[in-house]
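Trainee: let me see the structure of the following:
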Amino acid sequence: MSFCDAVWEDVAPLRQSILAQPFLAELADGSLPPDSFRHYIVQDSLYLAEYARVLAIAAARAPSAAARLEFSDGAKVAVQVEEILHQTFFEHFDITPAMVAMSEPSPVCLGYTGYLASLAATRSYKELIAGILPCFSVYWEVGCAIKSIAGSPNPYEAWITTYADPGFGEATRRVSALVDHAASVSTPSVRAAMAKAFRTATRYEWMFWDSAYRQLDWPI
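Mentor: Okay, the predicted model is just below:
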């Protein structure tokens, strides 16, 4: 069993908890309150800006040309997705650029991006890319799962389509292959650290949707 298959199986209970999130269930049937989605999409925009930086760092630290290209392209796509958010969802949900500029990262958003930044700054390249992977693999699984049950018409159809797109699935497989290769030439202790980074980032994925559903912000 490959490293990615093993850690994917290891977080199976957490993945089931993600798929059972009220945020995602209501997004699928179109009943998600607009305020919850508005909270999510603003925080996601802030997250993507930082995620793009982390991907760029991964590209700079990558040991092969293929990995440098993959993570450079990933950083570019993250920026492009952020721009698409501004052009589509922001307009549809009455979110202005000024509102985004004035928004602070929520505790969960700051925690997640801060964790990825700490991997980039203080841990190995291998741990970093293992921590990057859940944002690909979890969203691909969620996108496909929701698309199969989504109601129509659905105000969130464009979001569902983005993450169920076969092109996103291919990108997920390419990044998984890079993580698998890194793990295959690593010591058991490094693979354990990679698995920990993957699990931690997957936990943050659950927390991100939960935070958006409950519209959590700083308590004080």
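
Trainee: for residue 205, which non-adjacent residue is closest in space?
Mentor: Using C-beta to C-beta, 6 or more residues apart in numbering and skipping residues adjacent in sequence, the residue nearest residue 205 is residue 138, 4.7 Å away. (C-beta placed from N, C-alpha, C; glycine too.)

Trainee: list the buried ones in the helix or strand that neighbour falls within?
Mentor: Taking DSSP states H and E as the criterion, residue 138 maps to helix 134-147. Using 16 or more other C-beta atoms under 10 Å as the burial criterion, the residues of helix 134-147 that qualify are 134-146.

Trainee: what of stretch 112-123?
Mentor: Under the neighbour-count criterion of 16+ other C-beta under 10 Å, stretch 112-123 has 112, 113, 115, 116, 117, 119, 120 buried.

Trainee: helices - which of those land there?
Mentor: 112, 113, 115, 116, 117, 119, 120 (DSSP state H).

Trainee: any idea of the pLDDT on the fourth one?
Mentor: If I follow you right, that is residue 116. Per-residue confidence (pLDDT) for residue 116: 98.

Trainee: isn't it up against residue 201?
Mentor: Yes: if you go by C-beta atoms under 8 Å, residue 116 and residue 201 touch, sitting 7.2 Å apart.

Trainee: intersection of neighbour lists for these two?
Mentor: Listed as contacting both residue 116 and residue 201 by C-beta atoms under 8 Å, 6 or more residues apart in numbering are 131, 132.

Trainee: the residue nearest the centre of the chain and residue 163, how far apart?
Mentor: Nearest residue to the geometric centre of the chain (C-alpha atoms, centre = their mean): residue 135, 2.7 Å. Distance, residue 135 to residue 163, using C-beta to C-beta, to the nearest Å: 11 Å.

Trainee: next one: residue 56
Mentor: Residue 56 is 22 Å from residue 163, by C-beta to C-beta.

Trainee: out of those two, which sits in the busier spot?
Mentor: Between residue 56 and residue 163, counted using other C-beta atoms under 10 Å, residue 163 has the larger neighbour count: 21 against 18.

Trainee: spatially nearest residue to that one, not counting backbone neighbours?
Mentor: Spatially, and ignoring its direct neighbours in sequence, residue 163 is nearest to residue 143 (2.9 Å; C-beta to C-beta, 6+ apart).

Trainee: kindly report the same for residue 54.
Mentor: In space, and not counting its chain neighbours, residue 54 is closest to residue 116: 4.6 Å by C-beta to C-beta, 6+ apart.

Trainee: which residues sit in contact with that neighbour?
Mentor: Applying C-beta under 8 Å, 6+ apart, we find residue 116 in contact with 50, 51, 54, 128, 131, 132, 201.

Trainee: could you rerun that using 7 Å?
Mentor: 51, 54, 131, 132 (C-beta atoms under 7 Å, 6 or more residues apart in numbering).

Trainee: mean confidence for whatever helix or strand the third one lives in?
Mentor: In this assignment (DSSP H and E), residue 131 forms part of helix 125-132. For helix 125-132, the mean per-residue pLDDT is 98.

Trainee: how about that helix as PDB, C-alpha atoms only?
Mentor: The C-alpha trace of helix 125-132 is given here as PDB (Å, rounded to 0.1, in the frame of the first residue of the first chain):
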ATOM      1  CA  TYR A 125      10.000  19.600   2.400                       C
ATOM      2  CA  LYS A 126       8.500  16.200   2.800                       C
ATOM      3  CA  GLU A 127       6.400  17.100   5.800                       C
ATOM      4  CA  LEU A 128       5.400  20.300   4.000                       C
ATOM      5  CA  ILE A 129       4.000  18.600   1.000                       C
ATOM      6  CA  ALA A 130       2.200  16.000   3.100                       C
ATOM      7  CA  GLY A 131       0.500  18.900   4.900                       C
ATOM      8  CA  ILE A 132      -0.400  20.600   1.600                       C
END
